[in-house]
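Undergrad: My questions concern the predicted model and sequence given below.
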Amino acid sequence: MPPVLEIRGLNKSFDGIVVADGIDLTLEAGRVVGLIGPNGAGKTSLFNLVSGVVQPDSGTILLEGQPLARLKIHERARRGLSRTWQNLRLFPSLTVLDNLLVAPRDYAGESLLRPVLSPRRVRRESEADRARARDILAHTGLAGVSGKSVGELTFGQQKLVGVARALMNDARCLLLDEPMAGVEGQAYQTIQAVVRELAASGVAVCVVEHNVAFIRDLCDEGVFMFAGKVLSRGPVHDLIADPRLTELYFGT
């Protein structure tokens with residue numbers, strides 16, 4: 001089976017600072033891959049390149065065999081790519097439910113003409129989106145706060161909302177950027193369980209995370225990055241046991 005996401009020879013620099021240096025990486029259906037490495041290794045930059053926040057200088061990104069070059073962020077989302085963000089990027093004044101309702105791959109109310117020309121269809125699609133959002137909120141333990149504004153929630157709950165919103169895309173490839181930063185307790189366990197279930201359903205998942213225990217316990221494979229390069233790939237336990245990589249990561 002071909003990979004869900006395939007990256008070949010990806011390069012990017014900003015004013016001489018290299019953030020992606022010939023990166024080759026594949027993500028396969030049903031597997032969770034963890035990106036590890038020190039700050040500045042290029043992990044989030046890689047997510048930004050894949051999701052379309054910035055364009056690479058050279059290289060190829062394929063999603064289910066189709067190139068993503070020149071596609072905008074929302075166009076990549078419609079192709080089946082979803083991600084979360086370190087800084088959340090939620091709508092704090094909107095309710096939790098409404099934050100999810102803006103995220104379906106094909107949002108019924110996005111077109112100005114569809115509500116006029118096909119009001120019944122738009123109503124059906126909107127009702128289906130609302131039902132799906134409620135199911136996701138129940139699954140992530142957020143049903144009890146669905147009517148609250150995101151700004152009222154704890155940071156851990158807001159992280160969960162970010163993950164839940166990413167699920168609304170029904171993506172084939174999910175990129176999670178530091179989902180556990182500042183998260184503990186039940187939210188930690190919930191995110192871990194949700195990621196496992198997604199992978200079991202056939203989604204390709206890639207996680208950037210500094211919580212090495214989370215990566216070790218969750219991921220099928222680890223990828224160690226440093227200075228925009230992939231230095232090593234293999235079982236997470238082997239990567240964190242490698243003295244050379246440990247020195248690069250912790251500086252000791």
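TA: Yep, that arrived.
Undergrad: Do you have the helices of the chain handy? List them.
TA: Secondary structure of the chain, counting by DSSP state H: helices at 43-51, 73-79, 96-101, 114-117, 119-139, 155-167, 185-200, 212-218, 236-241, 243-250.
Undergrad: Columns distance to Leu62 and mean neighbour count on top of those helices, output as a markdown table?
TA: Just so you know, the C-beta spots here come from the backbone N, C-alpha and C atoms, and that holds for glycine as well. Formatted as a markdown table, the helices of the chain follow (distance: least, Cβ to Cβ, whole Å; neighbours: other Cβ atoms under 10 Å):
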| stretch | distance to Leu62 | mean neighbour count |
| --- | --- | --- |
| helix 43-51 | 10 | 23 |
| helix 73-79 | 11 | 16 |
| helix 96-101 | 29 | 22 |
| helix 114-117 | 31 | 12 |
| helix 119-139 | 28 | 15 |
| helix 155-167 | 21 | 22 |
| helix 185-200 | 20 | 17 |
| helix 212-218 | 25 | 17 |
| helix 236-241 | 25 | 16 |
| helix 243-250 | 28 | 13 |
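Undergrad: Which of the ones you listed has the lowest mean pLDDT?
TA: Mean pLDDT is lowest for helix 114-117 out of the helices of the chain, coming in at a mean of 61.
Undergrad: quick one on the thing from earlier: next, format the helices of the chain as TSV and append distance to Leu25.
TA: Shown next, in TSV, are the helices of the chain (distance: least, Cβ to Cβ, whole Å):
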stretch	distance to Leu25
helix 43-51	8
helix 73-79	16
helix 96-101	29
helix 114-117	38
helix 119-139	28
helix 155-167	20
helix 185-200	17
helix 212-218	16
helix 236-241	15
helix 243-250	17
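Undergrad: Just tell me which of these ends up closest to Gly228.
TA: Ranking the helices of the chain by their distance to Gly228 (criterion: Cβ to Cβ) puts helix 43-51 first, at 7.3 Å.
Undergrad: Give me the contact list for that closest one.
TA: Identification of contacts with helix 43-51 by Cβ atoms under 8 Å, 6 or more residues apart in numbering yields 5, 7, 10, 12, 19-20, 23, 25, 35-37, 53-56, 61, 68, 73, 76, 81, 83, 86, 175, 177, 206, 208, 225, 228.
Undergrad: and with 6 Å instead?
TA: Helix 43-51 is touched from outside by Lys12, Val19, Leu35, Val54, Pro56, Ile61, Arg83, Leu175, Asp177, Val208, Met225, with contacts defined as Cβ atoms under 6 Å, 6 or more residues apart in numbering.
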